[in-house]
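# let me see the structure of the following:
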Amino acid sequence: MAVKRIRYFIFIKDVMSLALTAFGGPQAHIAMFIKIMVEKRGYITEEELIELNALCQILPGPTSTQTVTAIGYRIGGANLAYLTLLVWMIPAVSIMTTAAILINSYQTKNLSLEFTRFIQPMAVGFISYGAFTIAKKVINTKTAIILMILSAVVTYFITTPAALPIVLVVAGSITAFKYKKQEMAIKEKIKIKWGNFTLWALVLVAAALLGALTQDRFVLLFENFYRNGSLIFGGGQVLIPFLNTEFVEFKGYLSSEEFLSGLAMVQTVPGPVFSVSSFVGALSVRDLGIGGQILAGFISACGIFLPGTFLIFFIIRFWDSLKTYRVVRASLEGINAASSGMVAAAAFILFEPIQGSVMDVSVVLGTFLLLTLTKIPPPLIILGGLLAGFLI
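Numbers count the residues shown, from 1 in each chain. A predicted model of the protein is given here:
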């Protein structure tokens, strides 16, 4: 028992180290997981880690967060996994909540935010790069190209939150009919333990009912993020159109400028990109004071992270059997294509409020080219933009 506790303590210490140093999003995170979790500690084999990461990529929720919590689950069960989730998300969530409080404080005191003038077009450059990166990976057929374009058009013109999950479901259903093109596999009988799925569904329904009955802003905030966290396929970049539609276009809790500032700032923060939710949540209740903003930041983060955690714990038990079904693998083509289109549409939607001057367009293109053609870390690119804002 004592040996297990020491092992758990060392694992949590490693997770904290990663939470403070893992810049660059899921692609960079997986490399660090291999270095520390596989090569240094041997918590899991490289093959197991890669498969876990692949599974998390096709589930709704934050990929790197689900991967690290799934490792915790395999080592020490649900209790260690939930502790892993907290340790992994708290540094980034704390930083982004603080950033929201500081931005609101600046605006309340009528202090100039002119030094952030380049951050907003840079954020559009990051989103454009995200759309380009996703498209390169998942758009391999004519069907996927068509679904990506249709998804982008629908997302651009229909700004109601309900439209996004419908687009994902329809796109996945369309490509599911192409299942015969998938390689045959020996089907295994699926033995399902419904506990974590039931927990996910109960929280979803309870939050919706409680929010509707009480109209409490914190409950509604949790429900908004929990619902979105249950629908995000494709990682942090796909989260952007969902949050923009829900909190900027539909509810008007944030301005486009504030939203873009948060998206840019999260690029400079280690840990999960989904921590931008705490920035959005904190600004959504700015009238409730600093205490309310801190609580909202934490509640929003819990809402966005918990669905993916529940679902990975649910499906990891029978994934080996499920992936033998060709229709499941075929539907992923449509889901990924639709996600790519959503991110592309988000880049256009979020560029519209910007002045659109030659300078702004140049910053967007320059950021995109730096990300595409160089290996400069994103935090350095953002810091360079802030420095330019001070100097110019």
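
# do you know how far Glu257 is from Phe126?
15 Å (CB to CB, to the nearest Å). Placement of C-beta: from N, CA and C, glycine included.

# so between these two, which is more surrounded?
Phe126 (24 against 19; other CB atoms under 10 Å).

# domain assignment for this protein?
2-85, 90-391 (automatic domain parsing).

# and the pLDDT for Phe242?
Here, the pLDDT recorded for Phe242 equals 83.

# please name the nearest non-neighbouring residue to it.
Asn228 (4.8 Å; CB to CB, 6 or more residues apart in numbering).

# distance check, that neighbour against Leu263.
According to CB to CB, Asn228 stands 15 Å off from Leu263.

# and Gly281, by the same measure?
In terms of CB to CB, Gly281 sits 14 Å off from Leu263.

# cool, and Lys35?
28 Å.

# those two: which is more packed in?
Comparing Lys35 with Leu263 by other CB under 10 Å, the one with more neighbours is Leu263, at 29 against 12.

# where exactly do the strands run in the stretch 151-300 of the chain?
Counting by DSSP state E, counting those that start in this stretch, the stretch 151-300 of the chain yields no residue ranges for strands.

# residue ranges with poor pLDDT in it?
For the stretch 151-300 of the chain, the stretches with pLDDT under 70 are 159-162, 164, 183-190, 233-237.

# mind running it again at 80?
By pLDDT under 80, the low-scoring segments of the stretch 151-300 of the chain are 159-165, 168, 179-192, 232-238, 264, 267-268.

# contacts only, for Leu20.
Shown in contact with Leu20 (CB atoms under 8 Å, 6 or more residues apart in numbering): 91, 270-271.

# distance of it relative to Cys302?
Taken as CB to CB, the span from Leu20 to Cys302 is 20 Å.

# for Glu258, grab the count of nearby residues.
22.

# from memory it sits against Tyr106, does it?
No - Glu258 lies out of contact with Tyr106 (CB atoms under 8 Å); the separation is 10.9 Å.

# do a quick rundown of the helices in the stretch 201-350 of the chain.
217-229, 236-243, 256-266, 276-284, 289-315, 319-322, 326-351 (DSSP state H, counting those that start in this stretch).

# for Phe177, find the nearest of the ones you listed.
helix 326-351 (7.5 Å; CB to CB).

# and the angle for that closest one with helix 236-243?
Orientation check (axes from the mean of the first three to the mean of the last three CA atoms, to 10 degrees): helix 326-351 against helix 236-243 gives 60 degrees.

# which helices and strands sit right next to the helix or strand just after helix 326-351?
Beyond helix 326-351 on the C-terminal side, the first helix or strand identified by DSSP states H and E is helix 358-373. On a contact count with 3 or more CB pairs under 8 Å, 6 or more residues apart in numbering; DSSP states H and E, helix 358-373 meets helix 119-138, helix 378-391.

# quick check: Lys193 touching Arg317?
Yes - counting by CB under 8 Å, Lys193 does reach Arg317; the two are 5.5 Å apart.

# neighbour-wise, which of these two wins?
Arg317 (15 against 11).

# how about the backbone phi and psi for that one?
The phi/psi pair for Arg317 (degrees, to the nearest 10) reads phi -70, psi -30.

# about what we covered before: name the member of the contacts of Leu20 with the most neighbours.
Going by other CB under 10 Å, Gly271 tops the contacts of Leu20 with 28 neighbours.

# check contacts around the closest residue to that one other than its chain neighbours.
Distance criterion CB to CB, 6+ apart; nearest residue to Gly271, sequence neighbours excluded, is Ala92 at 3.5 Å. Neighbour list for Ala92: 19, 266, 269-272, 275, 278 [criterion: CB under 8 Å, 6+ apart].

# from Thr98, how far off is Ala92?
Ala92 is 11 Å from Thr98, where distance means CB to CB.

# equivalent analysis for Ser278, please.
9 Å.

# got it, and Ala345?
In terms of CB to CB, Ala345 sits 30 Å off from Thr98.

# same question for Ile294.
For Ile294 relative to Thr98 (CB to CB), the value is 9 Å.

# now Val219, nearest residue through space, not along the chain?
That would be Gly211: by CB to CB, 6+ apart, it lies 4.6 Å from Val219.

# Val280 and Ser261 touch, don't they?
No - the pair Val280 / Ser261 is not scored as a contact, 11.0 Å apart, by CB under 8 Å.

# who's more crowded, the two?
Using other CB under 10 Å, the more surrounded residue of Val280 and Ser261 is Val280, with 29 against 23.

# residue contacts, that one?
By CB under 8 Å, 6+ apart, the neighbours of Val280 are 100, 243, 247, 253-254, 259, 262, 300.

# what sits against the residue nearest to Trp200 when sequence neighbours are not counted?
Once flanking residues are discounted, Trp200 sits nearest to Phe310: 3.8 Å by CB to CB, 6+ apart. Neighbour list for Phe310: 196-197, 199-200, 203 [criterion: CB under 8 Å, 6+ apart].

# ok, now with 7 Å
196, 199-200 (CB atoms under 7 Å, 6 or more residues apart in numbering).

# ok, it to Ile335 distance?
19 Å.

# now do stretch 129-146, average pLDDT.
81.

# so what's Ile304 up against?
Contacts of Ile304 by CB under 7 Å, 6+ apart are 225, 228-229, 274, 277.

# what's the closest of those residues to Glu47?
Nearest member of the contacts of Ile304 to Glu47, counting by CB to CB, is Phe274, at 26.5 Å.

# tally of neighbours for that closest one?
30.

# go on, Phe132?
17.

# just Val358 next, same as before
Applying other CB under 10 Å, I find that Val358 has 8 neighbouring residues.

# and it, how close does it get to Ala264?
For Val358, the distance to Ala264 - CB to CB - is 20 Å.
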